[in-house]
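In: here are the coordinates; sequence isn't available:
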DNA sequence: ACCTGATTCAGACGACTGTTTGAATCGTAC
DNA sequence: GTACGATTCAAACAGTCGTCTGAATCAGGT
């Protein structure tokens, strides 16, 4: 247990500091002293700072993306031949992040801020991590959105999903106290996931800007995941 | 002239590197060697790294915000008693960044990426800079949007403007080759400012999520600028 | 030619960076 | 209790960081 204890304490402290100060702005000494462990423990358990970032990322992103896909499976199975509603799809994409946050309380409160920041980190290894993990999720959700919005080309959907991820990640960084209604009384003025979903759903329904037949072919994840 | 020459070369090099690697990820030695000047020139002309960031920020944000307000003045003067269209307001907000970029070509190509990143920098001085410079712009645009969207409360508008800034900054960071149509042929698949404006205009028109009379009072810039 | 203030220069300051070492300590199986 | 692999420890590695110094170089006015 002592292994996992030290390892987890390092990961949690790193998650918090990466969320607050970014990757380059966080020192390993800051992490280990916040975690109450020896500096060399990072090298012993992870090897390098990059590998630590990878571990922080892996601990959370796996479950989130798994849940995203499960929810998408659920609503697709429950939907008629036209597929799920736009709002359902967006909620399947966004809410796993919020729910994970609620489940964690305390120690994981920084998670949502971390995942928001991750999307903007100017560090090569982070960009690679996101691309790799987002590939399947991006493909599935663009396909689902394409069914719900038959007037839009796939490249337009990918573009709008990019806009949406920007809005989501910025909201996560900025207002990490973002609240889900099921969490109890929504404090006045706190942006909720529902607000963002409603906002983005209306945005996705904007008419296509392209001539009707000019559907370009692009690799979905090429345009979306980065 | 030699003064301004060295000073400007440092600022331009810093702008580029801050845009690519972030503030904490950029060293002054990297900046000065990219600028082809002596390391101590930073200390001589700016004093500290924080002050350099301030100078980089100041060189661009002033003109952008000035132009934002000028355009808002223009469209408000030209509009009827109901005020300008939603799309006009959003374009007044977004396009100055794009046009500055077009005007600069070459050396300033990194500007849009820099301004996008600035909104996500986890550095205290940067957050302060944004808050200070955004105050008037935020107040004016929220007021204009409130006129164009009378069904929304000010706090809802501020919230949606926050979402929009997230979408904008993420797009600027991610796809700094974003193109304005007036720049010539739009390459297929490149997100344009027009796409983002249309996307966000539809989003702003989403019906209010609040009970009609529950308009909360908040300082606008408190909720928006950060 | 000389002075003066502005600017640039090489070099160094101490502090901090990620990484590594080898010995000390731990828990566990014999 | 003793041996052994896993883990933790203090200490140090070489390198980089932001900052600063004092001398050298420059420009322009007298």
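Out: Arrived safely, thanks for sending. This one's a predicted model, so the numbers in the text were calculated from it and none came from an experiment. Residues are numbered from 1 along each chain as shown, chains lettered A, B, ... in the order given.
In: Report the secondary structure state of residue A:8.
Out: helix (DSSP: H, G, I helix; E, B strand; the rest coil).
In: how many other residues sit next to it?
Out: Counted by other C-beta atoms under 10 Å in any protein chain shown, the residues lying close to residue A:8 total 15. The way it works is simple: take the backbone N, C-alpha and C, and place the C-beta from them, glycine included.
In: And for residue A:28, the neighbour number?
Out: Residue A:28, neighbours per other C-beta under 10 Å, totals 19.
In: wait, does stretch A:112-120 make contact with chain B?
Out: Yes: using C-beta under 8 Å from any C-beta of the partner chain, we find that stretch A:112-120 touches chain B at A:117, A:119, A:120.
In: does the last one count as helix, strand or coil?
Out: In this case it means residue A:120. Per three-state DSSP, residue A:120 ends up coil.
In: Count the neighbours of it for me.
Out: 24.
In: Look up the closest residue to it, ignoring the ones flanking it.
Out: residue B:120 (4.2 Å; C-beta to C-beta, 6 or more residues apart in numbering or on different chains).
In: Torsion angles phi and psi at the one you found?
Out: phi -120, psi 10 (degrees, to the nearest 10).
In: Quick check: residues of chain A near DNA strand D?
Out: Taking C-beta under 7 Å from any atom of the strand, the part of chain A that reaches DNA strand D is made up of A:2, A:3, A:5, A:6, A:37, A:38, A:39, A:40, A:41, A:44, A:45.
In: go with 10 Å
Out: Residues of chain A lying close to DNA strand D by C-beta under 10 Å from any atom of the strand are A:1-7, A:9-10, A:24, A:28-29, A:32, A:35-45.
In: filter those down to the ones near DNA strand C?
Out: Answer for the residues of chain A next to DNA strand D near DNA strand C (C-beta under 10 Å from any atom of the strand): A:1-2, A:24, A:28-29, A:32, A:38-44.
In: any low-confidence regions in chain A?
Out: Scanning chain A with the threshold set as pLDDT under 70 gives A:1-3, A:100-109, A:175-191, A:211-226.
In: in the longest helix along it, what counts as buried?
Out: Using DSSP state H to define each element, chain A has its longest helix at helix A:49-78. For helix A:49-78, burial by neighbour count (16 or more other C-beta atoms under 10 Å in any protein chain shown) applies to A:49, A:52-57, A:59-61, A:64-65, A:67-69, A:71-72, A:75-76.
In: Ok, stretch A:126-140 next?
Out: A:126, A:127, A:129, A:130, A:133, A:134, A:135, A:137, A:138, A:139, A:140.
In: Can you read off the backbone torsions of residue A:152?
Out: Per degrees, to the nearest 10, the backbone of residue A:152 is at phi -100, psi 140.
In: Got a quick ChimeraX command for the buried subset of the residues of chain A next to DNA strand D?
Out: Remark: buried members of the residues of chain A next to DNA strand D, expressed as a ChimeraX selection using 16+ other C-beta under 10 Å:
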select /A:6,7,9,10,24,28,32,35,37,41,42,45
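In: Can you list which of the residues of chain A next to DNA strand D are found in helices?
Out: A:2-7, A:9-10, A:28-29, A:32, A:35, A:40-45.
In: picking that back up, what sits against the residue nearest to residue A:120?
Out: Residue B:120 makes contact with A:117, A:120, A:170, A:173, B:169, B:173, according to C-beta atoms under 8 Å, 6 or more residues apart in numbering or on different chains.
In: And for the fourth one, the neighbour number?
Out: Each residue near residue A:173 was counted by other C-beta under 10 Å, and the total is 23.
In: right, is the helix or strand where it lies up against chain B?
Out: Using DSSP states H and E, residue A:173 sits in helix A:154-174. Yes: contact between helix A:154-174 and chain B is present through A:155-156, A:159-160, A:162-171, A:173-174 (criterion: C-beta under 8 Å from any C-beta).
In: cool, and stretch A:5-22?
Out: Yes: under the criterion of C-beta under 8 Å from any C-beta, chain B is reached by stretch A:5-22 at A:20, A:21, A:22.
In: Please tabulate these in CSV, including the columns secondary structure and neighbour count.
Out: Shown next, in CSV, are the residues of stretch A:5-22 next to chain B (DSSP: H, G, I helix; E, B strand; the rest coil; neighbours: other C-beta atoms under 10 Å in any protein chain shown):
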residue, secondary structure, neighbour count
A:20, helix, 15
A:21, helix, 17
A:22, coil, 24
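In: and which of those residues is nearest DNA strand C?
Out: residue A:21 (9.9 Å; C-beta to the nearest atom of the strand).
In: Contacts only, for that closest one.
Out: Neighbours of residue A:21 in contact, by C-beta under 8 Å, 6+ apart: B:24, B:122.
In: Over to residue A:16?
Out: A:34, A:110, A:114.
In: In which helix or strand does it reside?
Out: Secondary structure (DSSP H and E) places residue A:16 in helix A:2-21.
In: and the longest helix of chain A, what other elements does it pack with?
Out: helix A:2-21, helix A:28-35, helix A:86-104, helix A:111-118, helix A:124-148 (3 or more C-beta pairs under 8 Å, 6 or more residues apart in numbering or on different chains; DSSP states H and E).
In: immediately after the helix holding residue A:173, which helix or strand?
Out: Helix A:154-174 is succeeded, C-terminally, by helix A:193-204 (DSSP H and E).
In: How about that next one and chain B, touching?
Out: Yes: judged by C-beta under 8 Å from any C-beta, helix A:193-204 comes into contact with chain B at A:194, A:195, A:196, A:198, A:199, A:200, A:201, A:202, A:203, A:204.
In: Could you find the closest non-adjacent residue to the fourth one?
Out: In other words, residue A:198. Using C-beta to C-beta, 6+ apart, the nearest residue to residue A:198 is residue B:206, at 5.2 Å.
In: So that neighbour, which state does it fall into?
Out: Going by three-state DSSP: residue B:206 is coil.
In: export the residues of stretch A:5-22 next to chain B to a markdown table and tack on distance to residue B:87?
Out: Formatted as a markdown table, these follow (distance: C-beta to C-beta, whole Å):
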| residue | distance to residue B:87 |
| --- | --- |
| A:20 | 37 |
| A:21 | 38 |
| A:22 | 35 |
